[in-house]
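Trainee: fold the following and give me the result.
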Amino acid sequence: MELDEPKEEYSPVLPPATPACEPTRIDHDEQAAMDDGHSGDVSMQSPNPPAPNNRQKYNLSDVLDGRADHLLTAVTGHQEHISSLAPVAGYASSNEGDDIDADDVARQEGYCVECDDVPATGRCDVCNDDYCQVCYHHQHRKGSRKLHTLQVFPRAEPSRSPGTTPATKATSKPMGSPGSSSLGLPSLTAMTGAVAGSKSPKAGVLSFLDRYRTKATAPDSDDDSEDQAEQPEYLTPAPTSVRQAIASPDEYMDRSRYIPLRLEYIERKYVRLIASALDISEYTDKIDIHVVSNKPKRTVGQIKELCQILSGLVVAADYKSGQELFQSRDFAENETFYQQIFELGRRHKVMNPDKMRTSYGKLLYMLMDSQIPEITEMLGFSCVIPIKTVYSTLEAKQALNVLSDELMPVATEEIVADGKSRGHVQQEIKKKERAIEYLARKYGHAAAPPELIRQCLYSIGDNNAFLRQNRDPCDKMLYYLTKYFAADKIEKQYSLGISAGKGGARLTHNHQRQYHYVFQSLTLWSMVLHDFYKLWMLAEADLLDSGNMYRLRDTGQGLNRVQHAPRVSRLMHLILSQAQAKVGTWIGSSVIHLGDHNVPNAFMFIDKYNQISRILGPVVLTLDKIGEVAKEPALRRHAFDGSGSDNWFDAGSCIDGRLTSAWNWCSKVESKLYFPVFLLTGFTGFDGEMS
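Mentor: Okay, here's the model as predicted:
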């Protein structure tokens with residue numbers, strides 16, 4: 001069954017809004033004032049909507065085609081007409097004539113006023129609001145609020161029935177009655193106006209969710225055969241590539257600042273040397289401990305020991321180059337060599353997150369210590385230089401014009417073979433290679449030879465491959481979420497609702513609230529991974545800042561280096577605000593842990609978000625392959641195919657030969673395409689437990 005392509009380009013990131021649609025940043029005090037009933041003062045600046053027909057109903061296609069836009073921007077007086085549209089997006093309208101803000105509906109006694117997911121632990125004596133511990137410290141971490149005091153409540157769990165959220169408790173009418181908030185989330189009017197100052201109804205959650213709705217959920221066209229129409233929906237895989245990595249020439253110029261330059265052949269040899277030296281090093285075991293001895297002296301000794309190991313490995317790999325290192329016993333005279341080899345290790349790790357998983361931390365921590373002024377003075381040289389990027393390389397060679405060429409998308413795209421014929425793939429490869437050669441000849445000159453231009457183009461292509469491997473699983477999970485689940489429809493035995501204390505859950509969400517909670521989480525992850533190279537570069541800048549010292553603390557998970565990360569924090573808050581503006585509302589807390597006992601430093605932050613693709617990748621791979629497994633009944637065919645021997649007497653169709661072929665299939669199941677499905681369902685083997 002072929003995948004029906006969506007009408008719009010599939011992307012969890014909406015197109016840039018016009019200046020009139022940019023979200024307005026509201027601080028906590030202003031937000032509190034709005035929540036107290038002043039939200040009506042904010043003008044939507046929308047034209048007077050035409051008087052709607054009370055009997056007219058609209059479906060999803062009407063909303064997407066714009067025939068119901070006037071209803072989405074309607075004023076409060078027309079909410080009885082908007083309520084007919086609410087089930088389309090999975091939201092229910094508020095009670096007729098009710099001006100209560102969406103956040104006021106959700107805030108109930110006993111739960112945190114900020115995140116609404118966690119029971120409140122106390123009340124601020126000045127703000128007079130209930131907070132959980134995390135949100136209180138986040139809202140009162142600086143300024144005059146830092147002087148406030150939290151009056152801790154007695155330890156008592158607020159009563160809430162399973163599957164019921166504060167929003168559902170706020171409804172005064174029976175669920176399903178006219179004007180009631182049947183599913184307990186903000187009304188459609190509140191959601192479409194969530195982005196302050198927006199004139200477009202598509203700025204809200206409705207159009208954002210509908211971007212993921214494809215024709216696959218509708219009846220197939222008459223081009224499909226009857227057999228294809230009768231096939232189950234799980235045969236439809238997610239799109240192979242859901243969106244372009246880089247969309248415009250200006251974005252090439254910006255993103256190239258954070259794309260590392262691909263390693264040359266000779267440089268890969270030195271990367272293996274630095275990785276081997278770090279594998280046998282015990283740097284963190286001897287430095288990050290509480291001892292009374294002189295730590296700067298120990299640190300300098302360990303750094304010099306690592307440099308000596310590197311020098312010895314260089315001699316073993318390249319005797320001529322190693323001889324030059326040993327001509328002088330002074331480490332300072334070999335400063336350039338050590339700076340370059342440490343930079344190669346860092347650059348290699350950024351481009352290949354699955355490499356150096358145990359040794360990269362040692363390298364960064366060693367470089368952190370080498371940046372301490374006292375250590376640098378004792379060493380006599382610096383170990384750190386900036387990572388070579390595509391932008392810095394082209395800028396130094398005066399060849400930045402190549403990034404503005406119209407052939408850049410063709411020369412840097414990743415060729416994916418899924419669902420394409422061999423001839424089609426070969427045609428795309430030749431087209432890409434011709435574009436690379438044309439750009440190399442056009443922009444190559446004496447200072448920037450064509451080979452360097454090719455290297456930069458391949459580096460940008462590596463970034464596209466990185467995004468497909470790491471970011472696209474988030475987009476595919478969004479595709480599966482919106483295709484097989486709906487916020488306003490709960491299928492029997494497939495509810496997403498969770499209740500605190502059941503199954504290890506610590507939150508209480510009904511089906512609709514959990515649907516949007518997962519949706520916004522995947523959207524945020526996708527946006528983080530889209531700018532992951534930039535985050536990684538800023539993380540290294542925070543870690544290796546000589547003015548940003550760390551503290552060795554017991555965080556509950558052993559001794560860790562706790563260090564502030566202002567650069568990463570600023571970018572993460574920017575990404576979070578963009579995600580909140582795009583999804584229209586935010587469920588749960590917006591606290592970003594960074595530089596505390598949860599995420600001690602920027603290195604831990606990068607390592608944490610590196611796990612997203614390792615978690616979602618296998619899940620997406622399994623979901624993509626389920627359709628292929630369902631098409632071919634392998635057990636019924638190959639478990640009874642007469643195999644298991646090389647003659648017709650020992651195997652075949654005889655009585656015991658039937659079991660032989662089944663046993664043969666079991667012995668080869670690990671090589672089958674559907675084996676991940678077995679593992680996903682808890683399969684450990686056919687032999688059971690051996691006593």
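Trainee: helices and strands around the helix or strand harbouring residue 569, which ones?
Mentor: With the criterion set as DSSP states H and E, the secondary-structure element containing residue 569 is helix 566-583. Helices and strands touching helix 566-583, by 3 or more CB pairs under 8 Å, 6 or more residues apart in numbering; DSSP states H and E, are helix 205-210, helix 511-530, helix 532-543. Where you see a C-beta, it was placed from the backbone N, CA and C, and this is true even at glycine.
Trainee: redo those helices as TSV? Include distance to residue 259 and mean pLDDT.
Mentor: Supplementary listing: those in TSV, determined by distance: least, CB to CB, whole Å; pLDDT from 0 to 100:
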stretch	distance to residue 259	mean pLDDT
helix 205-210	29	44
helix 511-530	13	92
helix 532-543	6	96
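Trainee: returning to what we had before: just want the angle from the helix holding residue 569 to helix 511-530.
Mentor: Counting by axes from the mean of the first three to the mean of the last three CA atoms, to 10 degrees, helix 566-583 lies at 140 degrees to helix 511-530.
Trainee: re the thing from before, and residue 576, which of the helices and strands packed on helix 566-583 is closest to it?
Mentor: Using CB to CB as the criterion, the shortest distance between residue 576 and those is 6.8 Å, found for helix 511-530.
Trainee: for that closest one, buried residues please.
Mentor: Neighbour-count burial for helix 511-530, counted by 16 or more other CB atoms under 10 Å, picks out 511-530.
Trainee: any idea which of the helices and strands packed on helix 566-583 gets closest to residue 679?
Mentor: So among the helices and strands packed on helix 566-583, helix 511-530 is nearest, using CB to CB, at 23.0 Å.
Trainee: re earlier: buried stuff in the helix holding residue 569?
Mentor: Residues of helix 566-583 classed as buried: 567-569, 571-572, 575-576, 578-583 (neighbour count, 16+ other CB under 10 Å).
Trainee: go on, stretch 266-273?
Mentor: Neighbour-count burial for stretch 266-273 flags 267, 270, 271, 273 (criterion: 16+ other CB under 10 Å).
Trainee: list the helices and strands the one helix or strand residue 473 maps to packs on?
Mentor: Residue 473 is part of helix 472-484, with elements assigned from DSSP H and E. With contacts defined as 3+ CB pairs under 8 Å, 6+ apart, the secondary structure elements packing on helix 472-484 are helix 511-530, helix 611-631.
Trainee: now do the last one and helix 511-530, the angle between them.
Mentor: Helix 611-631 and helix 511-530 meet at an angle of 120 degrees, taking the same axes, to 10 degrees as the criterion.
Trainee: tell me the buried residues in helix 611-631?
Mentor: Applying 16+ other CB under 10 Å to helix 611-631 flags 612, 613, 616, 620, 622, 623, 624, 625, 626, 627, 629 as buried.
Trainee: next, the angle helix 472-484 makes with that helix.
Mentor: Taking the same axes, to 10 degrees, one finds that helix 611-631 is oriented at 50 degrees with respect to helix 472-484.
Trainee: helices and strands around helix 611-631, which ones?
Mentor: Using 3+ CB pairs under 8 Å, 6+ apart as the contact criterion, the secondary-structure elements in contact with helix 611-631 are helix 450-470, helix 472-484, helix 511-530, helix 675-680.
Trainee: and that helix, average pLDDT?
Mentor: Averaged across helix 611-631, the pLDDT comes to 81.
Trainee: angle of that helix against helix 532-543?
Mentor: Orientation of helix 611-631 against helix 532-543 (the same axes, to 10 degrees) gives an angle of 150 degrees.
Trainee: just the CA trace of stretch 499-513, in CSV.
Mentor: C-alpha atoms of stretch 499-513 as CSV (Å, rounded to 0.1, in the frame of the first residue of the first chain):
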residue,chain,number,x,y,z
SER,A,499,-2.9,8.4,36.5
ALA,A,500,-0.3,9.2,39.1
GLY,A,501,0.7,6.1,41.1
LYS,A,502,-0.4,3.6,38.4
GLY,A,503,2.2,1.9,36.3
GLY,A,504,4.9,4.1,37.6
ALA,A,505,3.3,7.3,36.4
ARG,A,506,3.9,10.5,38.3
LEU,A,507,1.5,12.7,36.3
THR,A,508,-2.2,12.6,35.8
HIS,A,509,-3.5,13.2,32.3
ASN,A,510,-6.6,12.2,30.5
HIS,A,511,-6.3,11.0,26.9
GLN,A,512,-6.5,14.4,25.3
ARG,A,513,-4.1,16.1,27.6
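Trainee: give me the secondary structure label for the nearest residue to residue 372 once chain neighbours are set aside.
Mentor: Once its chain neighbours are removed from consideration, residue 372 has its nearest residue in residue 546; the separation is 6.9 Å (CB to CB, 6 or more residues apart in numbering). The assignment at residue 546 comes out as coil when based on DSSP: H, G, I helix; E, B strand; the rest coil.
Trainee: residue 546: neighbour count?
Mentor: Counted with other CB atoms under 10 Å, the burial measure for residue 546 works out to 14 neighbours.
Trainee: which residue ranges of the stretch 251-400 of the chain form helices?
Mentor: Across the stretch 251-400 of the chain, reading from the start of the chain, the helices by DSSP state H, counting those that start in this stretch fall at 265-280, 283-287, 295-317, 319-326, 335-351, 360-370, 373-379, 390-396.
Trainee: ok, back up a step: closest to residue 589 out of the helices and strands packed on helix 472-484?
Mentor: Set against residue 589 and scored by CB to CB, the helices and strands packed on helix 472-484 come closest in helix 511-530, at 11.2 Å.
Trainee: which secondary structure elements does the closest one sit against?
Mentor: Right, helix 511-530 is packed against helix 450-470, helix 472-484, helix 566-583, helix 602-609, helix 611-631 by 3+ CB pairs under 8 Å, 6+ apart.
Trainee: in terms of mean pLDDT, which of those ranks lowest?
Mentor: When these are compared on mean pLDDT, helix 611-631 scores lowest, with a mean of 81.
Trainee: and the angle for that helix with helix 450-470?
Mentor: Using the same axes, to 10 degrees, helix 611-631 lies at 70 degrees relative to helix 450-470.
Trainee: and helix 611-631, C-alpha only, in CSV?
Mentor: As requested, C-alpha coordinates have been extracted for helix 611-631 and formatted as CSV (Å, rounded to 0.1, in the frame of the first residue of the first chain):
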residue,chain,number,x,y,z
GLN,A,611,19.9,9.7,23.6
ILE,A,612,16.8,10.8,21.7
SER,A,613,17.7,9.2,18.5
ARG,A,614,18.9,6.1,20.3
ILE,A,615,15.4,5.8,21.9
LEU,A,616,13.2,6.7,19.0
GLY,A,617,15.3,5.3,16.2
PRO,A,618,14.6,1.6,17.0
VAL,A,619,11.0,2.3,17.7
VAL,A,620,10.5,4.1,14.3
LEU,A,621,12.4,1.3,12.6
THR,A,622,10.2,-1.3,14.1
LEU,A,623,7.0,0.6,13.1
ASP,A,624,8.3,1.1,9.6
LYS,A,625,8.9,-2.6,9.2
ILE,A,626,5.7,-3.9,10.6
GLY,A,627,3.9,-3.4,7.3
GLU,A,628,6.5,-5.5,5.5
VAL,A,629,6.1,-8.2,8.1
ALA,A,630,2.4,-8.3,7.8
LYS,A,631,2.5,-8.6,4.0
